[in-house]
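Just a sequence and a predicted model for now, questions to come.
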Amino acid sequence: MRLTPAALLILSCLSVLAAPRKNVLLLVSDDCGTRMGTYGGPALTPNIDALARSGVRFDRAYCQYALCNPSRTSFLTGLRPDTTGVYDNAKEFRKVIPDMVTMPQLFKNNGYAVARIGKLYHYGVPKEIGTNGLDDPQSWERVWNPRGRDCDDEDKIFSIGVSAGSAAPKNTGKMGQILVGSGNYGGTLSWLAADGSDAEQTDGKIAAQAVDFLRQKRDQPFFLAVGFFRPHTPYVAPKPYFAHYPKDQVQLAKEPAGNRETKPAVALTNTAVANYGMSEDTQRTAKQAYLASMTFMDAQFGLVLAELKKQGLDKDTIVVFISDHGYNLGEHGLWQKRSLYEGHQACRRTRRPLPHRRRPLRPEARQARRGQEPPPGAGTSRRPLESRRLHAGRLRCHQRRRQEEGRHARAKGRPLGPHRTLPLYGMEPRQARGRAVRPRRRSGRVQEPRR
């Protein structure tokens, strides 16, 4: 049983409820796969990379469900989708678990100033930008819902057609066709190299509001959740960010001939026609826009971290960065989310980035801090299983090292020295009644000592 990234996030935050209490800054990006520099990806993300270098980076962080609402509900409640009942982007978890204490709500109940800026619980993007979306009012004391010019420029946004056949509706277009101002953006590939400044965009306004929050003086610790909308489609970013990725240098996913034919149909339903029927030039345009919007988001991310340091709060604040899930950019002919492929290292679909600056507590510590047992179906502590696996792994490593040492000794025509032993579990040689345990020699073979 794996301790989920959602649990890791919650446990790391719960640990600050013990004195001395730290501030918590939770930064969330939408549809952000592991394509940033710290994961070896092509995106230019210097601020996220710097956070990863200064803290703990999770390389095997998997989401509970490869869709926004189920995943966000999961990491904000600590419960699996089969417990919350949230499997789509319309369901509200409180209709299933009305008395659930969410992660931000727990901080609020323990004397923290708790605030949200932007998207934490699910929003329909872009139509619900500037609203509360499916927010949970019980989780927060203060909320802000910025809305930028990206919402006003929707008539300029490019998108691709997704309908099959020659009689496709005007707003959806034919498969692979490029449309302008279709209004069909949230679930289709769409992009815009925008005019204007960073500060005019929704994510720019979110960063500005976060900076203002950090400048305010308060007598209590804070839990601030900042939710950026990019790189969720439409991939909108100011024009300078597109210049970082010349289209002729954008690398497309390489797939062996006939690769899709070897996959079960259910694995390809999200993009039933490979690459939505796009030409390679259109694929490069879409990927360029995604990477540009990721770099734009990183720049706003950097503004918030810079202000945290400027105000002298960085030493007393736990910073966590997470995305709701990863993203396909042409691997197996798939785009966007709703698939379970990992792909190659920089494009893990169900993986999401999770750098933060504090090691998490174990599940039993979470239960102790909450003073309650986990809800039914939420799982149990994995400590006994983890301990057995750790012991077995160390034992195998120890045995391999002893075998290797024996082979070297025999190759030189001599046994191990009379007092030579290998460290057990990375510690000093084990002592037995005041002397080192010695390997036994029988018929010219070095054997394991009796215990």
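Good, I have the coordinates. Numbering: from 1, shown residues only.

Strands of the stretch 101-250 of the chain, start to end?
113-118, 142-144, 158-160, 178-180, 190-194, 222-227, 235-238 (DSSP state E, counting those that start in this stretch).

and those, which is most packed in?
strand 235-238 (a mean of 28; mean count of other CB atoms under 10 Å). Where you see a C-beta, it was placed from the backbone N, CA and C, and this is true even at glycine.

Name the surrounding residues that touch that strand.
The contact list for strand 235-238 (CB atoms under 8 Å, 6 or more residues apart in numbering) reads 150, 153, 157, 189-198, 201, 230, 286, 289-290, 292-293, 295-296.

Residue 79: what secondary structure?
coil (DSSP: H, G, I helix; E, B strand; the rest coil).

per-residue pLDDT, it?
With respect to pLDDT, residue 79 has a value of 94.

Residue 318: neighbouring residues, count only.
18 (other CB atoms under 10 Å).

A strand includes it, no?
Yes - counting by three-state DSSP, residue 318 falls inside a strand.

Now stretch 257-274: buried residues?
260, 268, 271, 274 (16 or more other CB atoms under 10 Å).

Report how far apart the opening and closing residues of that stretch are.
Using CA to CA, to the nearest Å, the end-to-end distance of stretch 257-274 comes out at 12 Å.

ok, now which ones touch the nearest residue to residue 214 once chain neighbours are set aside?
Leaving aside its chain neighbours, residue 214 sits nearest to residue 307 (4.9 Å; criterion: CB to CB, 6 or more residues apart in numbering). Residues in contact with residue 307, defined by CB under 8 Å, 6+ apart, are 210-211, 214-215.

Roughly how far does residue 307 sit from residue 300?
Look at residue 307 and residue 300: by CB to CB, to the nearest Å, they are 11 Å apart.

swap in residue 134?
Distance from residue 134 to residue 300, by CB to CB: 23 Å.

can you check residue 214 too?
Distance from residue 214 to residue 300, by CB to CB: 14 Å.

Look at those two and report which has more neighbours.
residue 300 (27 against 21).

looking only at pLDDT, what's the mean for the helix or strand where that one lies?
Per DSSP states H and E: residue 300 is located in helix 280-310. The average pLDDT for helix 280-310 rounds to 97.

cool, stretch 161-174 as well?
61.

end-to-end on that stretch?
Note: stretch 161-174 ends 5 Å apart using CA to CA.

Stretch 226-244 too?
Note: stretch 226-244 ends 26 Å apart using CA to CA.

How many residues are close by the closest residue in space to residue 97 that isn't next to it in sequence?
Closest residue to residue 97 apart from its sequence neighbours, by CB to CB, 6+ apart: residue 84 at 6.4 Å. Other residues near residue 84 come to 28 when the count uses other CB under 10 Å.

The one 5 residues further on too?
In terms of burial, residue 89 registers 17 neighbours under the definition other CB under 10 Å.

which ones are touching it?
67-69, 122, 124.
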